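*Asks:* predicted model follows, preceded by the sequence.
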Amino acid sequence: MKTENETFENALKNLEETVEKLEEGTIPLNEALKTFESGVHWSRECKKFLDNAGQRIEKILKNENGEYEQKELVEDE
């Protein structure tokens with residue numbers, strides 16, 4: 001299911017489409033199970049992307065001593 005060019009946005013879109021299909025409740029049980037398996041796959045792919053992003057953010061926030069600095073996030077007005 002995953003391709004080399006997979007992005008978080010694509011994985012999330014696939015997950016949302018899978019959830020919508022299951023919520024309709026009109027597909028046969030066997031197809032619903034396969035669709036559910038697909039949803040679990042896309043959920044795990046999204047989690048991988050988010051975990052990776054979190055690790056990158058942690059690296060960015062470390063100071064030169066290897067310690068984390070708490071920084072206030074300021075929203076643009």
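*Replies:* Received the coordinates, thanks.

*Asks:* contacts, neighbours, all on C-alpha from now
*Replies:* Will do.

*Asks:* the longest helix in this structure is where?
*Replies:* The helix that spans the most residues within the chain, counting by DSSP state H, is helix 29-61.

*Asks:* buried sites along that helix?
*Replies:* 32, 35-36, 38-39, 41-43, 45-46 (16 or more other C-alpha atoms under 10 Å).

*Asks:* roughly how far is the least confident helix or strand in the chain by mean pLDDT from the heart of the chain?
*Replies:* Of all helical and strand segments in the chain, the minimum by mean pLDDT, DSSP states H and E falls on helix 29-61, at a mean of 93. Relative to the chain's own centre, helix 29-61 is displaced by 4 Å; criterion: C-alpha atoms, centre = their mean, to the nearest Å.

*Asks:* what is that helix packed up against?
*Replies:* helix 8-24 (3 or more C-alpha pairs under 8 Å, 6 or more residues apart in numbering; DSSP states H and E).

*Asks:* residues contacting the most centrally placed residue in the chain?
*Replies:* For the chain, Cys46 is the residue whose C-alpha lies nearest the centre (C-alpha atoms, centre = their mean; 1.9 Å). Neighbouring residues of Cys46 by C-alpha atoms under 8 Å, 6 or more residues apart in numbering: 8, 11-12.

*Asks:* restricted to buried residues, select the residues you listed in ChimeraX.
*Replies:* Command for ChimeraX that selects the buried part of these, burial taken from 16+ other C-alpha under 10 Å:
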select :11,12
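
*Asks:* relative to Glu64, which of the contacts of Cys46 is nearest.
*Replies:* Phe8 (30.3 Å; C-alpha to C-alpha).

*Asks:* check contacts around the closest one.
*Replies:* Taking C-alpha under 8 Å, 6+ apart, one finds 45-46, 49 in contact with Phe8.

*Asks:* thanks again, I'm all set now.
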